[in-house]
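Undergrad: only the shape, not the letters, is given here:
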Ligand SMILES: Cc1cc2nc3c(=O)[nH]c(=O)nc-3n(C[C@H](O)[C@H](O)[C@H](O)COP(=O)(O)OP(=O)(O)OC[C@H]3O[C@@H](n4cnc5c(N)ncnc54)[C@H](O)[C@@H]3O)c2cc1C
Ligand code: FES
Ligand code: FES
């Protein structure tokens, strides 16, 4: 089947999509957007998290056909041109990235948290990131990065 | 494989009647796992994502009607005040990503004994609205489950909504898992006090082939509360009453030993959860605080 989807503001079309295919496969293998990672294909790791119509979802659990006509924003769409999003900057600065496999999913999940809640408590950060696994960092640096990104967001709003 | 994409409920029901083998696809959080791992190769997928009616909730005849595909995140945010038990259960499902897509309709469709919505729906006497081209019927949720991962749906039927009365008393939900997030329940328990009718509602999850009520426990507690005139002049509950309630809840379960827990552990845990949730709910009732926080 054919799938039309707006990805990071751009209209994209894919032909010969298998009906049981996931949005993750569509993004990575057909649209050339390898940012969202494929690690578990069962919703457990969050590394494939993307926005679907503004709501974070595991792309591996969305059928490609369900995205027809919808808006997808991937980690590639967080930066504004060469300007990194504050969440991305903070991850780099705080050393929240090691192998980087989990990072795209964490960035989208953290971005969503901070959009909804400019001053998240530690408990709220943990809750928001509970669906994202990282095998490297031990999470402390990730928490640091999210705190920093939130503080910058508040600063920017003032 | 076909990908059917109805845009109205009528179209969806017609599609299900024409393709009874089509697998409905709501949030996809159960279905897509099966597809990704080749556990299932259905002849067709029936995407319900465009059927607006399944994504809405409204008050109908004094009851909240929740469209089958309304995701948990919206139940928590938009219905938590009226349906605290279901909202508490929804908060324990998976992760934010899973709650953003997963739905009560999908939980009922999967009918896993471990589904978290079930104990809350049972305790609140929910009814499941089921429709086909032949018409619509309401199934009390206690009659909805027919076996492990089986339900009463005929092959041309879809779940369209669940109906629940807004809470008239405190509600509680408790779940045991090996960590706080992203775990399937070792066992779970839902409790609803219905002061307006003097009844008690319960739901036991992950401790029998299907989710089920603990009917003896409900009757015992309702009787105690009535005999002691507790609804109108609530006093502290005797420990013996709480303990007996817990024992009867555990007795209603018929769990198995599996990787997540032994049958004996599940029974013990259920007795503890029943006692504690009753404690919390009764405290709320005595203080009237459930109304304030609901
Ligand atoms: C990582 C992860 C964590 C999870 N954690 C939990 C948890 O903590 N607690 C829990 O209860 N569940 C959990 N689940 C399971 C799942 O999220 C829930 O069962 C959810 O409620 C399914 O809803 P859905 O809309 O995604 O259903 P789908 O996957 O779309 O469908 C599920 C089943 O219901 C059928 N179906 C869907 N809609 C209808 C309808 N309208 N009429 C008839 N049949 C229908 C489908 O054909 C399928 O058989 C988890 C899943 C994942 C991947
Ligand atoms: S790859 Fe989607 S959640 Fe792990
Ligand atoms: S940085 Fe390696 S998995 Fe998180």
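TA: Okay, I see it. Note that this is a predicted model, so its numbers are computed, not measured. Numbers count the residues shown, from 1 in each chain, chains lettered A, B, ... in the order given. Ligands and ions are numbered 1, 2, ... in the order given.
Undergrad: surely residue B:188 is in a strand?
TA: Yes: when classified by DSSP: H, G, I helix; E, B strand; the rest coil, residue B:188 is found to be part of a strand.
Undergrad: ok, now how distant is it from residue B:175?
TA: Here residue B:188 is placed at a distance of 4 Å from residue B:175 (Cβ to Cβ, to the nearest Å). The way it works is simple: take the backbone N, C-alpha and C, and place the C-beta from them, glycine included.
Undergrad: need the overlap of contacts for these two.
TA: Taking Cβ atoms under 8 Å, 6 or more residues apart in numbering or on different chains as the contact rule, residue B:188 and residue B:175 both touch B:89, B:92, B:116, B:205.
Undergrad: which of the residues you listed sit farthest apart?
TA: B:92 and B:205 (10.5 Å; Cβ to Cβ).
Undergrad: find residues that contact each of these two.
TA: Residues touching both residue B:92 and residue B:205 by Cβ under 8 Å, 6+ apart: B:116, B:175, B:185, B:188.
Undergrad: is the longest helix along chain A in proximity to chain B?
TA: Longest helix of chain A, by residue count under DSSP state H: helix A:140-157. No: judged by Cβ under 8 Å from any Cβ of the partner chain, helix A:140-157 stays clear of chain B, getting no closer than 13.7 Å.
Undergrad: model confidence over that helix, on average?
TA: On average, the pLDDT along helix A:140-157 is 94.
Undergrad: what strand or helix carries the closest residue to residue A:149 other than its chain neighbours?
TA: If the residues on either side of it in the chain are set aside, residue A:149 comes closest to residue A:90, at 4.0 Å by Cβ to Cβ, 6 or more residues apart in numbering or on different chains. Here residue A:90 sits within helix A:86-93, counting by DSSP states H and E.
Undergrad: can you give me the helices in chain A?
TA: Using DSSP H, the helices of chain A run over A:23-25, A:86-93, A:103-116, A:122-128, A:140-157.
Undergrad: residue B:16 and residue B:25 touch, don't they?
TA: No: taking contacts as Cβ atoms under 8 Å, residue B:16 lies outside contact range of residue B:25: 11.9 Å.
Undergrad: quick check: neighbours shared by those two?
TA: Each of residue B:46 lies in contact with both residue B:16 and residue B:25 under the rule Cβ under 8 Å, 6+ apart.
Undergrad: so which bits of chain B are right by chain A?
TA: So chain B meets chain A at B:1-3, B:5, B:25, B:27-29, B:31-33, B:35-37, B:41, B:44-45, B:47, B:49, B:73, B:94-98, B:100-101, B:180-182 (Cβ under 8 Å from any Cβ).
Undergrad: about what we covered before: what helices or strands is the longest helix of chain A leaning on?
TA: helix A:86-93, helix A:103-116, helix A:122-128 (3 or more Cβ pairs under 8 Å, 6 or more residues apart in numbering or on different chains; DSSP states H and E).
Undergrad: okay, those in JSON lines with mean neighbour count, distance to residue A:69 and mean pLDDT next?
TA: Converted to JSON lines, the helices and strands packed on helix A:140-157 look like this (neighbours: other Cβ atoms under 10 Å in any protein chain shown; distance: least, Cβ to Cβ, whole Å; pLDDT from 0 to 100):
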{"stretch": "helix A:86-93", "mean neighbour count": "20", "distance to residue A:69": "28", "mean pLDDT": "97"}
{"stretch": "helix A:103-116", "mean neighbour count": "24", "distance to residue A:69": "21", "mean pLDDT": "98"}
{"stretch": "helix A:122-128", "mean neighbour count": "15", "distance to residue A:69": "28", "mean pLDDT": "97"}
